[in-house]
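Asker: predicted model and sequence follow; I will ask about them next.
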Amino acid sequence: MATQPDNLYVQTSQIQIMLQFFQQAGQCRLDRMLLQQCLDLLAAAMHNHRRDAQLQADSCCALHVMASTLGASLTGLQFAEVVSQLVEAMKAYRTEPQVWRWAARALGELTNMLDKAALERAAAAGALDQLRSPRPTDSDGRFQRQNRVAFRFLREALSHGDLHAHAAPRSSTQSNPAGSSQDPPPPGPQSSQAPELRPAQEGRMNSSTSVCGLFGEDLKGVDNQAPEGIQVCQACNTIFEGLMTNAPGSEERKMWQTKLRHICVKASEDSQTSDVLKMSVFGLMPAEEIENFLLSDDHRRWKIIEAHTERFLELLDEPGTRVDLKPAPPADTAERVPVSKDHHPDRNHKWRSLRPVVLDQSIREPATNTPFGHTGYMKYLTLQIIRKMQFNDIAITGQYYGEKYTPETQVLEWIIKYAKEKGEEDPMRGLVAMFAPGEHDRKAGIQTMKDFKIPNAFLDLTFKASVRFKDTNFVQSVIDAVKELDEIYEEWGWPGEPWREDAHINNNKNFARGEISLNLVDLMEYLNLRGDETMEKQKKEDVEKAFEAWKANKAFQRRVVAILVEEGRGVADYEDYGTLVSWIRKFFPEEGKYRILVHAHAGTNNHQDVASLKAVKHGANGIWAALIPQAAQAGHNSSFVFLDYLLHHGNEHVLRHFWLFQALECARHIYYLNFNTHDIPDDCPIWGERVGKETHSAFNVLMGETWRRKTADYYDFWEKSVKREINELPQKVHHVRAKDEARGEYRISPLVSDTQTWVNRMREAKAVEPDEIVNDYVDRVKALGFALMNAGIRVNLDDEDNLKTLVKIAREAQRNKATEPCVCRQYDAHERNAKMKERKDRGAAQEAAVVMVAAGFVASPATSVVQQEWQE
């Protein structure tokens, strides 16, 4: 294409080949320079041959296929020229459906990944006007619907970029161009953590006030004033109770089944205006499948655990359960620090004198490990447990999903709802919102902070691109994000310098407000930290320059109070954490009002908890971690284990700052909530099922041998009757026991697993046929998983049977979706594969034909076949 730009035959044939290449490259990683070159060549071909409708149509189709199959791989490329040519094609071929329908679809697919320059070009060229204009040849309105979808996506992208596009007023005779209530989003690029869900911005705090509310049915227990996401949860609870309390086949059971069907019909209507309802289980699933999930053993077990946890929270507050103990270390702990400093690993008594800082992650981190995912209310219950343990700094939400409505947003709605009902002041006290600082990545996080007035931020910074985070300018993005947050805090009238001394952090009257923590996600990897404590010279210098640039910024000096580090795969050992903390402390000293906290993932060496202690010895103030160790791949450092070690080495602050006297059952209940089971891991430190059951008197640490004998078990103080009630959970759920975990190479944690993991697990579970092209509907399967979590329905989404059910629903929806499918998606699996095989058999002839065309010969029958095939 580059060598013969004026040769129409060469250009057309090469575009045809390019289109086929993009169609079959969806699972491949392609060189970004090659992709940019393809975009530039397509734009040049469209510009040089504006009068050829077929070339324009083929180019637009190629762009559409490129966007729909390669997805996020295109993010960060330059689209300005391509966008200009798409809009020009729509203008020039207003009456040619073959051109403008592909142009509109390509523009709709590309919108989510357009850079600012491309959005500005689209606005200046009048793209919105073209998308909203009626087409005289569109007799059945089918293609106009595609325009409406593209219009809405582009309009939202322009508004988020603060670009004011020209769009003519809509006349009374025109149909609604936004199409927000009529069409599901087209299949498009999704980030590793973002399923195909609609934006939550319009549905966060909205509610329905009609007599029958959001669902068109009179459902007791549904608060019509609540946010729509919570109403969906309440409706599912009401329907669950109705189905469970009436026998199968009874008139009452049939009545509830009818109500469920009516709600599903209403949710999936074209006229439905609620995005939250449309993308809920009611809008995405058949009523029969919703009923099956509600009545499954998984969900029935969850309802028992949910009620048990609510009762547990009451017991934590009841008189008599709050034990009357002096908040001081056990009497024997002084012996844990020998007089001889030469033989003790903590020569300066650092572990004994430390005022430990813990940024709690119990509401977030276990989501990375559980096949049940999280629900908003489950997170809310976890928050109540953690607060009763007197943890003050708590990560509450991870805004890594764009503007998609997820449990990470719904938990905030539950907090506000119950705060209003209980008259609770400052319900967001001490809470922290987590998100990345990049220009695009931080939008959802900052908007969430504004919507719910979350007082603190946690910026997840990566030094290089990964499947978790996009590439970004790690110097400027931090400065820009901190500046934006600083302006918000000033607008709210919060203190300009929020620093708290370690002695005051765990004071119940001194919650964090206006603080920013900066997490250096992949610093070890970026520096190429070696076992001899050396680092890659150039990378080290780059990071040191970044440190100096950040510290020179006034807003950074005021707001950033903590530097956080981690290593995500469990391949770092505890010495690495000591080395890194010592190095960071040189640039961020305590006298400069900087804390350092670490987070260590478990690997094969089980160094994660030792890493916490090593970091403290080298200058860290504490850790950011969950109470329980279950997270990520094999686990992470546990705040419970960390505090226990400090306590039994004579730390005088642990029991004063944290309520640990009932921590054993608190940890267990957090585990119940996350993993939807009463079965406690046998060997889990402190609170494991087997740890406290004596098998031989020689193992007893409370009597017998006097060396370091404990005076009491400080974590399980209850009245005997209360303890018996707490221990009744196994009897309550024995009839709905969980399945054993499946063997395999992949497992799904639905709130965080990336698309490739879903695809691999679906294949491994045989939820799809061996020759089936899974990327046809993997995003729809993920959307169903998120819909279940948003509805408060607990389902093991790693289970083979459940995966097969979701795939069946997604496959059926894919076949029946209203919008005309792309040509590369219009066949069932066996038909598409047969067609691909037919093309492969003709491949040699086609390639030869293209070579002939490139050499200046006339088009051959083979190229004519290719052209005719793609026209069809």
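Answerer: Perfect, thanks for sending it.

Asker: from here on, just use CA atoms for contacts and neighbour counts.
Answerer: Fine.

Asker: what is the biggest strand by length in the chain packed up against?
Answerer: Longest strand in the chain by number of residues (criterion: DSSP state E): strand 560-567. Where contact means 3 or more CA pairs under 8 Å, 6 or more residues apart in numbering; DSSP states H and E, strand 560-567 is packed against strand 516-520, helix 523-527, strand 595-600.

Asker: same for the second one, what does it pack against?
Answerer: Under the contact criterion of 3+ CA pairs under 8 Å, 6+ apart, helix 523-527 touches helix 537-551, strand 560-567.

Asker: most packed of these?
Answerer: strand 560-567 (a mean of 23; mean count of other CA atoms under 10 Å).

Asker: gap between Glu548 and Phe588?
Answerer: Distance, Glu548 to Phe588, by CA to CA, to the nearest Å: 10 Å.

Asker: please enumerate the strands of the chain.
Answerer: 357-360, 394-398, 431-435, 456-461, 516-520, 560-567, 595-600, 622-625.

Asker: for Asn802, which of those strands is the nearest?
Answerer: Proximity to Asn802, assessed across those by CA to CA, is greatest for strand 394-398 (26.2 Å).

Asker: now do the closest one, average pLDDT.
Answerer: Average pLDDT, strand 394-398: 97.

Asker: list the buried residues for that strand?
Answerer: 394-398 (16 or more other CA atoms under 10 Å).

Asker: which strands and helices sit next to that strand?
Answerer: By 3+ CA pairs under 8 Å, 6+ apart, strand 394-398 packs against strand 357-360, helix 407-422, strand 431-435.

Asker: avg pLDDT for the second one?
Answerer: Confidence over helix 407-422 (mean pLDDT, whole number) is 96.

Asker: can you tell me what sits against it?
Answerer: 204-205, 226-227, 229-230, 374-377, 379-380, 396-399, 424-425, 427-428, 448, 452, 789-790 (CA atoms under 8 Å, 6 or more residues apart in numbering).

Asker: next one: the last one
Answerer: The contact list for strand 431-435 (CA under 8 Å, 6+ apart) reads 392-400, 441-442, 445, 449, 454-460, 512.

Asker: okay, now the sheet partners of it, with direction.
Answerer: Sheet partners assigned to strand 431-435 using DSSP bridges are listed as strand 394-398 (parallel), strand 456-461 (parallel).

Asker: quick check: angle from that strand to helix 407-422?
Answerer: 160 degrees (axes from the mean of the first three to the mean of the last three CA atoms, to 10 degrees).

Asker: can you mark which positions in strand 431-435 are buried?
Answerer: Neighbour count says strand 431-435 has 431-435 buried, by 16+ other CA under 10 Å.

Asker: give me the residues contacting stretch 622-637.
Answerer: Outside stretch 622-637, the residues touching it (CA under 8 Å, 6+ apart) are 356-363, 365-370, 564, 569-570, 596-603, 608-609, 611-612, 615-616, 638-640, 667, 670-671.

Asker: show the average pLDDT along it.
Answerer: 89.

Asker: if we can go back for a sec, export the buried residues of strand 394-398 to a markdown table and append columns for distance to Phe151.
Answerer: A markdown table is the format used below for the buried residues of strand 394-398 (distance: CA to CA, whole Å):
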| residue | distance to Phe151 |
| --- | --- |
| Ile394 | 40 |
| Ala395 | 37 |
| Ile396 | 34 |
| Thr397 | 31 |
| Gly398 | 29 |
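
Asker: which two of those lie the greatest distance from each other?
Answerer: Those two in these that are separated most widely, counting by CA to CA, are Ile394 and Gly398, at 11.8 Å.

Asker: contact partners of the top helix by length along the chain?
Answerer: The longest helix of the chain (DSSP state H) is helix 297-317. Here helix 297-317 makes contact (CA under 8 Å, 6+ apart) with 293-294, 321-322, 378, 381, 384-385, 388, 669, 672-673, 676-677, 722, 726, 729, 732-733, 736-738, 793-796.

Asker: neighbours around Trp494, how many?
Answerer: 14 (other CA atoms under 10 Å).

Asker: separation between it and Arg513?
Answerer: Distance from Trp494 to Arg513, by CA to CA: 7 Å.

Asker: same check on Phe547?
Answerer: 24 Å.

Asker: among the contacts of helix 407-422, which are located in helices?
Answerer: 229-230, 376-377, 379-380, 448, 452, 789-790.

Asker: biggest separation within those residues, which pair?
Answerer: Taking CA to CA, no two of those sit farther apart than Phe452 and Met789, at 21.0 Å.

Asker: and these two? Which one has more around it.
Answerer: Neighbour totals were compared for Phe452 and Met789, and Met789 leads with 26 against 17 (other CA under 10 Å).

Asker: out of everything not next to it in sequence, what's closest to Gly692?
Answerer: Ile686 (7.8 Å; CA to CA, 6 or more residues apart in numbering).

Asker: from what I see, that neighbour and Glu665 are in contact.
Answerer: No. Using CA atoms under 8 Å, Ile686 makes no contact with Glu665, being 10.4 Å away.

Asker: these two: who's more crowded?
Answerer: Glu665 (20 against 17).

Asker: isn't that one right up against Trp718?
Answerer: No. The pair Glu665 / Trp718 is not scored as a contact, 9.9 Å apart, by CA under 8 Å.

Asker: where does the stretch 101-250 of the chain dip in pLDDT?
Answerer: Counting by pLDDT under 70, the stretch 101-250 of the chain has low-confidence residues at 112, 132-150, 152-212.

Asker: correction: the stretch 451-600 of the chain
Answerer: 465-472.

Asker: switch to 90 and redo it
Answerer: 463-474, 494-497, 501-510, 522, 528-535, 567-577, 600 (pLDDT under 90).

Asker: likewise for the stretch 751-872 of the chain?
Answerer: For the stretch 751-872 of the chain, the ranges with pLDDT under 90 are 768-777, 812-872.

Asker: please repeat the previous calculation with a cut-off of 80.
Answerer: For the stretch 751-872 of the chain, the stretches flagged by pLDDT under 80 are 771, 775-776, 816-872.

Asker: domains in the chain, by residue range?
Answerer: 8-186+824-871, 201-294, 354-660, 746-816 (automatic domain parsing).

Asker: Asp486 contacts Asn553, correct?
Answerer: No. Assessed by CA under 8 Å, Asp486 is found out of contact with Asn553, at 11.6 Å.

Asker: could you report the pLDDT at Val357?
Answerer: Confidence score, pLDDT, at Val357: 95.

Asker: and for it, nearest residue in space, chain neighbours not counted?
Answerer: Gly622 (4.6 Å).

Asker: contacting residues for the nearest residue to Glu88 once chain neighbours are set aside?
Answerer: Of all residues not flanking Glu88 in the chain, Ala125 sits nearest, at 8.0 Å (CA to CA, 6+ apart). Ala125 makes contact with 84, 87-88 under the criterion CA under 8 Å, 6+ apart.

Asker: now those in a markdown table, with neighbour count, pLDDT and distance to Val276?
Answerer: Listed next are the contacts of Ala125 as a markdown table, based on neighbours: other CA atoms under 10 Å; pLDDT from 0 to 100; distance: CA to CA, whole Å:
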| residue | neighbour count | pLDDT | distance to Val276 |
| --- | --- | --- | --- |
| Ser84 | 22 | 86 | 34 |
| Val87 | 23 | 86 | 32 |
| Glu88 | 21 | 86 | 35 |
